[in-house]
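[1] show me how the following folds:
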Amino acid sequence: MRLVRTLACLAAVTATPAFAADTIDFNRLHNASGGYTYVYGPYVEDGYTLTAAACQPSSFGNSCFVTPQSFQSIDPAGASIITQYASQTSTLTRSDGGLFSVSSIDAAEYFDYGTYGSTADLLLSYVFADGTRASETRTINTVGRYPVNTLQLNTGPLRSFSFLPTTGSSGSLQFDNIVVNGVSAVPEPASWAMMMLGLGVLGAGARYRRRNTGVAFA
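    The predicted structure is shown next:
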């Protein structure tokens, strides 16, 4: 029984703690007058930081993001965002430098002028926990008035997640509701080795005790 309890403790120590999912919804940028809200510098929400590849200098600082006017937004009661400059990469990281997974993101056209065709492409890029990189292109629907495309990603653990509007959108797309989940660091190989050594010692001790246990009768 003691061995079972010890193994359970070791498993608990090495298990990945659960983090509550967060939705980066940009709602605190809501403009009650229906106009634009400008973000000077990186945008921070729920322990995550969103940066743009290039920001537009102004008298107030470097404007990186802006919210669409309410009549163009996919979330008129809250807020969505676009980059200040079209055709630039936005990159999401955890503010503390930790790992995370990304479940989904909402994307839609920004200008409903009917001149971009029926679809637009979005380049998604990932930097994984071990430093490896991957990318994929997702195509979104732009038929109708600002149709919302919820892209299911379910990818991680990540160091960063980036998205870039490419063809069919004139470089302008709006984004909202990035669903993320914090992930604890994966144990280093040395930690795994120490755990396996400990399990081996515990197993040897259990076998020794079994060999030296007598039977007593009343």
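
[2] which other helices and strands contact the longest strand seen in the chain?
    The strand spanning the most residues in the chain, taking DSSP state E as the definition, is strand 149-165. Under the contact criterion of 3 or more Cβ pairs under 8 Å, 6 or more residues apart in numbering; DSSP states H and E, strand 149-165 touches strand 90-94, strand 99-109, strand 119-128, strand 133-141, strand 173-183. Every residue, glycine included, has its C-beta placed from N, CA and C.

[3] how about those in JSON lines, adding mean neighbour count and mean pLDDT?
    Below are the helices and strands packed on strand 149-165 laid out as JSON lines (neighbours: other Cβ atoms under 10 Å; pLDDT from 0 to 100):
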{"stretch": "strand 90-94", "mean neighbour count": "19", "mean pLDDT": "97"}
{"stretch": "strand 99-109", "mean neighbour count": "22", "mean pLDDT": "97"}
{"stretch": "strand 119-128", "mean neighbour count": "18", "mean pLDDT": "96"}
{"stretch": "strand 133-141", "mean neighbour count": "13", "mean pLDDT": "96"}
{"stretch": "strand 173-183", "mean neighbour count": "22", "mean pLDDT": "96"}
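
[4] ok, and the closest non-adjacent residue to Ile24?
    Ile178 (4.3 Å; Cβ to Cβ, 6 or more residues apart in numbering).

[5] where does the prediction get shaky in this structure?
    Along the chain, the parts satisfying pLDDT under 70 run over 1-18, 59-60, 113-116, 169-170, 185-218.

[6] outline the domain layout of it.
    With domains defined by automatic domain parsing, the chain comprises 1-16+186-213, 17-185.

[7] need the winner for burial among those.
    domain 17-185 (a mean of 17; mean count of other Cβ atoms under 10 Å).

[8] tell me how far that one lies from the chain's centre.
    11 Å (Cα atoms, centre = their mean, to the nearest Å).

[9] and the closest residue to Gly156 other than its chain neighbours, what is it in contact with?
    Distance criterion Cβ to Cβ, 6+ apart; nearest residue to Gly156, sequence neighbours excluded, is Ser101 at 2.6 Å. By Cβ atoms under 8 Å, 6 or more residues apart in numbering, the contact list for Ser101 reads Asn154, Thr155, Gly156, Pro157, Leu158, Val180, Asn181, Val183.

[10] hmm, the second one is touching Ser104, no?
    No: if you go by Cβ atoms under 8 Å, Thr155 and Ser104 don't touch, sitting 10.1 Å apart.

[11] spatially central residue in this structure, please.
    Val102 (3.4 Å; Cα atoms, centre = their mean).

[12] tell me who's in contact with that residue.
    Counting by Cβ under 8 Å, 6+ apart, Val102 has contacts Leu92, Leu153, Asn154, Thr155, Gly156, Leu158, Phe161, Ile178, Val179, Val180.

[13] tell me the contacts of the residue lying closest to Asn141 once chain neighbours are set aside?
    Leaving out its chain neighbours, the residue that sits closest to Asn141 by Cβ to Cβ, 6+ apart is Pro147, at 5.3 Å. For Pro147, the contacting residues are Ala108, Glu109, Asn141, by Cβ under 8 Å, 6+ apart.
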